[in-house]
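**Student:** Next one to model:
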Amino acid sequence: MRNAWWVALYATAMAAVESAVVVYLRALHPPPDAPLTVLLHAIPAHLVSIEIGREVATLVMIVAVAATAGRNVREAFLYFALAFGIWDIFYYIWLWVFIGWPPSLLTWDVLFLIPVPWLSPVIAPVIVSLCLVAGSLWLLAHPSLQLPRLAWALAILGAVLVLLSFTVDYRYALMRTDPPRFRWELFGSGMVVAVAGVMRGGRGSAR
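**Tutor:** Next comes the predicted model:
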């Protein structure tokens, strides 16, 4: 578990860098208090391309540190989940420290741009990230615990539902407005399926 501390420290520091970039984008392309869906259109097209490249680079950095920390594929995947979750949580923490954003966990955000804009209230990705951190630490602390195929299938199904809740209304970002509501039914179903599947599989493997 010693590597987990270094991965967590890396993810926390990387989150500060990522949030600083957003602070600069807001300062260069006012209004600074505009919704992120509006800010997305205020940024020149060539900078949007650079932003997409930055997102890809972020994923590469997380994969690289996870591959370095893990002794096998299982550990590397769990370190990836740990780093991604901590990075995402501290991204919002640092933004709030730097500029007081988001004002609320129910504030809408553009989470990602690949392959389409991902939209949701801030609380949704934070919930996902908290589960990633808790689940990865639990599995890292029990190296002999192997999840059955059914647990992985449920986790993947849950992840697909969560991703749909983020992306199904992406057209609203193109319309420069927030969606009328978040797809909580998709999000909630996905989280329940994924978490229940992993927990049930974990308990079954521990017997």
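
**Student:** Can you point out the buried residues in stretch 70-82?
**Tutor:** Buried residues in stretch 70-82, counting neighbours by 16 or more other Cβ atoms under 10 Å, are found at 70, 75, 76, 77, 78, 79, 80, 81, 82. Every residue, glycine included, has its C-beta placed from N, CA and C.

**Student:** Show residues contacting the strand or helix carrying residue 131.
**Tutor:** Here residue 131, judged by DSSP states H and E, is contained in helix 123-141. Residues outside helix 123-141 that contact it (Cβ atoms under 8 Å, 6 or more residues apart in numbering) are 1, 4, 74-75, 78-79, 81-82, 84-86, 88-89, 92, 105-106, 109, 111, 145, 147, 162, 165-166, 182, 187, 191, 194-195, 198, 202.

**Student:** The helix or strand bottoming out on mean pLDDT in the chain: what's the following helix or strand?
**Tutor:** Least confident helix or strand, the chain: helix 36-42 with a mean of 58, by mean pLDDT, DSSP states H and E. Where DSSP H and E defines the elements, the next helix or strand beyond helix 36-42 is helix 45-69.

**Student:** From the contact counts, what lies against the very next helix or strand once past that next one?
**Tutor:** Next along the chain after helix 45-69, taking DSSP H and E as the criterion, comes helix 73-99. Packing contacts for helix 73-99, counted by 3 or more Cβ pairs under 8 Å, 6 or more residues apart in numbering; DSSP states H and E, involve helix 2-28, helix 45-69, helix 123-141.

**Student:** Quick check: which of those helices is buried the most?
**Tutor:** Mean neighbour count (mean count of other Cβ atoms under 10 Å) peaks for helix 123-141 among the helices and strands packed on helix 73-99, with a mean of 19.

**Student:** Please work out the average pLDDT along that one.
**Tutor:** On average, the pLDDT along helix 123-141 is 96.

**Student:** what does stretch 18-31 give?
**Tutor:** Taken as a whole, stretch 18-31 has an average pLDDT of 79.

**Student:** cool, stretch 61-73 as well?
**Tutor:** 95.

**Student:** Tell me how far it lies from the chain's centre.
**Tutor:** The chain centre lies 17 Å from the centre of stretch 61-73; the measure is Cα atoms, centre = their mean, to the nearest Å.
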